[in-house]
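**Student:** predicted model and sequence below, questions to follow.
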Amino acid sequence: MKIRVIRFFAAAALFAPLVAFGQKNSCIECHIQLEDQLKAPAASFSGDIHAQYGLGCKDCHGGNPSQDDIDLAKDKTFKGSPKRGEIPQFCGGCHANASAMRIYNPSLRTDQLSQYWTSRHGQLLKSGDTKAAVCTDCHGVHGVQSAKYPKSLTFPWNIPQTCGRCHADKSLMAGYKIPTDQLEDYKASVHARALFEKKDMSAPVCNSCHGNHGAFPPSVTSVASVCRQCHPSTGELFTKSPHKKAFDDLGVGECEACHGNHKILNPSTAMIGTDDRAVCTQCHEKGSAGFAAAAEFRRELDGFESGFRAAEDLLAQARKKGVEVSDAEFKLQDVSTFLVSAKNLTHGLDKAEIVKAVSEGQEALAGVRASGEKALGEAKFRRQGLAVTTALLALFAVALALKIRQMTRVRRAAESRGGPHP
Amino acid sequence: MAKNIGQSIWKFLDERFMLSGLVAFGKKKTVPEHRRSFWYFFGGICLFLTGIQVATGAMLLLYYTPSIDAAHESVQFIMSGVKFGWLIRSVHSWTANLLIGLLFVHMFSTFFLKAYRKPRELTWITGFLLLVLFMAFGFSGYLLPWNELSYFATRVGTDIAGSLPFIGSWLKSVILGGPEVSQATLSRFFWFHVALLPLAALALIGIHVLLVQTLGMSKPIGERGTKEIPFFPDFLYKDALGWTVILVLVGVLCVFLPWEVGIKADPLASTPLGIKPEWYFTFMFSTLKLIPAHILTFEGEKLAILGFMAGGLLWMLVPFLDRRARRDERSRLFSWIGVALAVYIVTMTVLTYTLPKL
C-alpha cells in the first residue's frame, strides 16, 4: 500500500509540469541554463504577448522543442534566428498574413510590413543599410508587449524614448546627417507637457505626426495636414487667410514656420506683434500693412489677456482669504475659452472677428471681475467682523475674570474669618 | 408692573416645573477646588460645543440636500450664496473637530485623575460611549458634502469595517446600503447624522450630566483639602470664561481657515493618492497600514481590528478593572497604561501625516 502511494506521488510529480504547461519546451529548458544573450530569450519570453497567446519558440524559429537532444530538437524545420535585414519579413510571416492573424487577434492590422517598406527605415534597409530600424528595435525581441500595456516600448508615454534610443544617439545618426535634438526638443514642448504632466494619452508623440510603421519625415506640404489632424479649426482659419497663398508661394511649411516642429511651445500672445519675440517680424517689415496689423492684433489680445490675468489674480486672492469663489472661477473658464478663441482667430487674420471675440470676452470678464471684487469685499468684512466680535468677547472675558477674582477674594476673606462663604 | 409680570411668569413656570427646587440645588451645589481643577472645565466646554453643533447643524438643514446630485452643490451654495452660510458651516465643522479633540482630552484627564472610581463607573462608561458616538457623528458627517476626499475616505473606512471577521461583509453592506458608496449610503449617513445619532447622544448626554450632577465631581486620590466653591455662580463663571476663549478660537479659525467644499466626488475616478480618514481615525488607520500582512497564521489587519475592539472594551471597563483606584489607592500601572495609550495615539496620528506612502 505504502509503495503504491509513493508511486502515485512520484508519477504526479513527474507529469505535473506537463499538466501545468501543456507541453514540453526543451528550448526554454536549455536556454534558461545558459548565460547572457543565450539566456535572455528564455528569461523574457514568459512576459511576451506571443507567449500569452500560446505561441512558443518553434512558431517563429521552427525546430522540435519536445526533444531533449539538441540535434533532434534542431531538426530540419529549425530556422534559427533571422539576420537583422531579414527581421521585417520574418515578423511579417504572420503579421502580414490576415488569415494567420485572424486566429489570434482579428482586429489587428496586417499592413505593417507593406507600410514599413514605404518608411524611411524600410527604404534604407532595402538599400542594404542594416543599421536602419527594424521591428525589434521598437517592439523589443522576446519581451514584446502590447502597445496598450503601460510598460510597453510602444505605449504613448514611452514612444519618445523608444524613438530617441536611435534618434538621440549622435554616433548612430552622424552617418545620416540628421539632428539628434528631437527628443530633448519634444520633452520641452506643450505636447510633452500634456502627455507627461497631465497624462493625456491623446497628446501627440513621434508616431502621431510621422506615422509608425510607415514613419517618414513630413514634407513641407504635408506638415499642415499633420497638424490639422488635431487642430482642424486653426487649419480652416489659416486656409481662408491671405497667409495660405503667401506661404504656398514661398514654399514654407504652414504651422511649422511660426510654431516650430518638435519644440512646439505653449502658444502665447507674445508670438504675435512687432517686438523681438514675435514671429510676425520674420516676414513683415516695419512700415508694411502686415506689420501694422500684427501690432493691432497684439494690442487687442494684450488688453484682454491682462484683464483676464487680473481677474484670475483677484479670484486667487479671494480664495486665499477663504471666500468661496467656485462660481466665479467657473465663469472665468468661459472667459478663458474666449481668450483661446481670440488667439486662434489670429490664424484667420480677420480683424473684425478678433475684435468681436475680444469684446464678448471682455463682457464676460466684467462679470467675473465684479464677483472677484465682491469676494474681496466679503473677506474684508469677515476680518472686520472678527475684530469687532473678538474685541467684545475679550471685554466680556476680562469682565468675567475680574468678577471671578473679586468673588474668590470675598470667599477667601470669609474663609479666613472662619465663616461660611457668602 | 414689569416686576409683577415677571413674578407671575416665574410663579406659573415654578408651579409646573418645580424650578425653585432646581435653583435651590444650584445654590447649594458645590464643586471641589484643588490644584487640578483646571481639567474639570473640559466637560463643560464639550457640552458647550455640543450645543453649537446642534444649533449650526439645524441651520445647515435649511439648505443642505442629501442627494448625490445636489449635496455638493447645496454645500457650495451654503458657502457662497447664503448670508453667513460660510460662517455657520465653518463653525459646524471646526467645532465638530475641536469637540472630538477636547473629548479625548476630557477622557484622558478623567482617566489620569481616576475620576472613574466608585461610584462614578457609569459616568465614565457613558462618557466613553459619547466619544464613540461623536466619532460616528464625524464619520457620517464627513461624507455629507459629497466631495472627493470624503467619498474615498468613506470607501476606505467602510472597507476596514468590511474586513471584520464573521460580520464584516454584512456590516459593510448595512452601513453602505449596498455594495458601494452610493445614494443609499448618503441617505443612510444623513439619517444617522441628523436623526439616530442625535437621539442616542441626547439620551447619553442626559444620563452623563445627570450622573455628574447627582454624584458631584470627584476629587483626585490623595487630595486632602476639603475646599469647595459654589457651582453657581463661581464655577459657572469660570466655565463661561473657557467658553468665551473657545468662541474666539472658533471665530479666528472660521475667518482665516473656512472649511473647504472640495471637488465633487466622482465615483468613476480612481482613488487619489494618500487618501486618509479624518484625523481622529488616523491612529487606527496607521496601525492597519503598518501592521504586517500576517502575524503567525492570522491576518494582520483583522487582528488589529479585533485588538482595537478588545482594547476599547477594556478601556470602557477600566473602573471595574482598576481595583486599587476603587479603594482610593494610587494605581501606577493604570496610569502608565494611560500614558502608553496617549503616546501611541499621538505617535500614530503624527506618523499618518509624516510617513511618506502611508
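**Tutor:** Great, that's in hand. Residues are numbered from 1 along each chain as shown, chains lettered A, B, ... in the order given.
**Student:** if I look at B:Ala203, how far off is B:Leu133?
**Tutor:** Per Cβ to Cβ, to the nearest Å, B:Ala203 is found 10 Å from B:Leu133. (Glycine included, C-beta is placed from N, CA and C.)
**Student:** so which of those two has more stuff around it?
**Tutor:** Per other Cβ atoms under 10 Å in any protein chain shown, whichever of B:Ala203 and B:Leu133 has more neighbours is B:Leu133, with 19 against 12.
**Student:** how far away from the center of its chain is the helix ranked longest in chain A?
**Tutor:** If you go by DSSP state H, chain A has its longest helix at helix A:351-416. Computed by Cα atoms, centre = their mean, to the nearest Å, the chain-centroid distance of helix A:351-416 equals 45 Å.
**Student:** that one near chain B at all?
**Tutor:** Yes. Using Cβ under 8 Å from any Cβ of the partner chain, we find that helix A:351-416 touches chain B at A:382-383, A:385-386, A:389-390, A:393-394, A:396-397, A:400-401, A:403-404, A:407-408, A:411.
**Student:** and B:Lys289, how close does it get to A:Gln333?
**Tutor:** 38 Å.
**Student:** higher neighbour count, those two?
**Tutor:** Between B:Lys289 and A:Gln333, counted using other Cβ under 10 Å, B:Lys289 has the larger neighbour count: 17 against 9.
**Student:** how far off centre is the helix or strand encompassing the more buried one?
**Tutor:** Assignment of secondary structure by DSSP states H and E places B:Lys289 within helix B:282-290. Centre-to-centre, helix B:282-290 and its host chain are 20 Å apart (Cα atoms, centre = their mean).
**Student:** what does whichever helix or strand comes after it contact?
**Tutor:** Following helix B:282-290 in sequence order, the next helix or strand is strand B:294-295 (DSSP H and E). Identification of contacts with strand B:294-295 by Cβ atoms under 8 Å, 6 or more residues apart in numbering or on different chains yields B:Gly300, B:Leu303.
**Student:** what residues does the stretch 51-200 of chain B put near chain A?
**Tutor:** Residues of the stretch 51-200 of chain B lying near chain A (Cβ under 8 Å from any Cβ): B:Gln76, B:Met79, B:Ser80, B:Trp86, B:Leu87.
**Student:** can you tell me which residues contact the first one?
**Tutor:** If I follow you right, that is B:Gln76. A:Glu324, A:Ser326, A:Asp327, B:Val261.
**Student:** one more pass at 7 Å, please.
**Tutor:** A:Glu324, A:Ser326, B:Val261 (Cβ atoms under 7 Å, 6 or more residues apart in numbering or on different chains).
**Student:** any idea which element the first one lies in?
**Tutor:** Spelled out, that is A:Glu324. Per DSSP H and E, there is no helix or strand for A:Glu324.
**Student:** if I look at it, how far off is chain B?
**Tutor:** 4 Å (Cβ to the nearest Cβ, to the nearest Å).
**Student:** ditto for the second one
**Tutor:** For A:Ser326, the distance to chain B under the criterion Cβ to the nearest Cβ works out to 6 Å.
**Student:** can you list the weak-confidence ranges in the stretch 101-250 of chain A?
**Tutor:** A:220 (pLDDT under 70).
**Student:** residues in it within reach of chain B, list them.
**Tutor:** For the stretch 101-250 of chain A, the contact set with chain B under Cβ under 7 Å from any Cβ of the partner chain is empty.
**Student:** what ranges do the helices span in the stretch 101-250 of chain A?
**Tutor:** A:112-118, A:120-126, A:135-139, A:159-167, A:170-174, A:182-187, A:190-192, A:206-210, A:220-228, A:232-240, A:242-250 (DSSP state H, counting those that start in this stretch).
**Student:** and the second one, what's buried?
**Tutor:** Think helix A:120-126. A:Arg120, A:His121, A:Gly122, A:Leu125 (16 or more other Cβ atoms under 10 Å in any protein chain shown).
**Student:** contact partners of that helix?
**Tutor:** A:Gly85, A:Pro88, A:Tyr116, A:Trp117, A:Ala132, A:Ala133, A:Val134, A:Ala215, A:Phe216.
**Student:** so what's the residue count around the second one?
**Tutor:** Residue neighbour count, defined by other Cβ under 10 Å, stands at 27 for A:Pro88.
**Student:** got a list of what residue 319 touches?
**Tutor:** Picking chain A for this. A:Val325.
**Student:** that's the wrong chain, I wanted chain B
**Tutor:** B:Tyr116, B:Arg117, B:Glu121, B:Trp124.
**Student:** and the gap between it and chain A?
**Tutor:** For B:Pro319, the distance to chain A - Cβ to the nearest Cβ - is 32 Å.
**Student:** for B:Ile263, same thing?
**Tutor:** 10 Å.
**Student:** quick one: pLDDT of that residue?
**Tutor:** Looking at B:Ile263, its pLDDT stands at 93.
**Student:** ok, and the closest non-adjacent residue to the residue nearest the centre of chain A?
**Tutor:** For chain A, the residue sitting closest to the mean C-alpha position, by Cα atoms, centre = their mean, is A:Leu195 at 1.2 Å. What sits nearest to A:Leu195 in space, not counting adjacent residues and going by Cβ to Cβ, 6 or more residues apart in numbering or on different chains, is A:Ala203, at 3.9 Å.
**Student:** tally of neighbours for B:Gly127?
**Tutor:** 25.
**Student:** ok, the residue nearest to the centre of chain A to A:Tyr186 distance?
**Tutor:** For A:Leu195, the distance to A:Tyr186 - Cβ to Cβ - is 9 Å.
**Student:** between these two, what contacts are shared?
**Tutor:** With Cβ under 7 Å, 6+ apart, A:Leu195 and A:Tyr186 have no common neighbours.
**Student:** report the angle between the longest helix out of those in chain B and helix A:351-416.
**Tutor:** If you go by DSSP H, chain B has its longest helix at helix B:85-112. Helix B:85-112 runs at 40 degrees relative to helix A:351-416, counting by axes from the mean of the first three to the mean of the last three Cα atoms, to 10 degrees.
**Student:** what's the mean pLDDT across helix B:85-112?
**Tutor:** Helix B:85-112 comes out at a mean pLDDT of 97.
**Student:** cool, and stretch A:403-414?
**Tutor:** Mean pLDDT, stretch A:403-414: 91.
**Student:** buried residues, that stretch. List them.
**Tutor:** Buried-residue list, stretch A:403-414, by 16+ other Cβ under 10 Å: A:Ile404, A:Met407, A:Arg411.
**Student:** same thing with stretch A:265-285?
**Tutor:** A:Pro267, A:Thr269, A:Met271, A:Ile272, A:Gly273, A:Thr274, A:Ala278, A:Val279, A:Cys280, A:Thr281, A:Cys283, A:His284.
**Student:** out of these, which sit inside helices?
**Tutor:** Among the buried residues of stretch A:265-285, no member lies in helices (by DSSP H).
**Student:** between the residues you listed, which sits nearest chain B?
**Tutor:** A:Pro267 (28.5 Å; Cβ to the nearest Cβ).
**Student:** what is the neighbour count of residue 73?
**Tutor:** Since you didn't name a chain, this refers to chain A. 20.
**Student:** please go with chain B instead
**Tutor:** B:Glu73 has 15 nearby residues by other Cβ under 10 Å.
**Student:** output the very next helix or strand once past the longest helix of chain B as PDB - backbone C-alpha positions only.
**Tutor:** Where DSSP H and E defines the elements, the next helix or strand beyond helix B:85-112 is helix B:121-143. What follows is helix B:121-143, C-alpha atoms only, in PDB (Å, rounded to 0.1, in the frame of the first residue of the first chain):
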ATOM      1  CA  GLU B 121     -18.300  54.000  36.900                       C
ATOM      2  CA  LEU B 122     -21.400  54.800  34.800                       C
ATOM      3  CA  THR B 123     -20.300  58.400  34.300                       C
ATOM      4  CA  TRP B 124     -17.100  57.000  32.700                       C
ATOM      5  CA  ILE B 125     -18.900  54.400  30.600                       C
ATOM      6  CA  THR B 126     -21.500  56.900  29.300                       C
ATOM      7  CA  GLY B 127     -18.600  59.400  28.600                       C
ATOM      8  CA  PHE B 128     -16.700  56.700  26.600                       C
ATOM      9  CA  LEU B 129     -19.800  55.800  24.700                       C
ATOM     10  CA  LEU B 130     -20.300  59.500  23.900                       C
ATOM     11  CA  LEU B 131     -16.800  59.700  22.400                       C
ATOM     12  CA  VAL B 132     -17.600  56.700  20.200                       C
ATOM     13  CA  LEU B 133     -20.900  58.300  19.300                       C
ATOM     14  CA  PHE B 134     -19.200  61.600  18.400                       C
ATOM     15  CA  MET B 135     -16.700  59.800  16.200                       C
ATOM     16  CA  ALA B 136     -19.600  58.200  14.400                       C
ATOM     17  CA  PHE B 137     -21.100  61.700  14.100                       C
ATOM     18  CA  GLY B 138     -17.800  62.800  12.500                       C
ATOM     19  CA  PHE B 139     -17.700  59.800  10.200                       C
ATOM     20  CA  SER B 140     -21.200  60.200   8.900                       C
ATOM     21  CA  GLY B 141     -21.000  64.000   8.700                       C
ATOM     22  CA  TYR B 142     -17.700  63.800   6.700                       C
ATOM     23  CA  LEU B 143     -19.500  62.200   3.700                       C
END
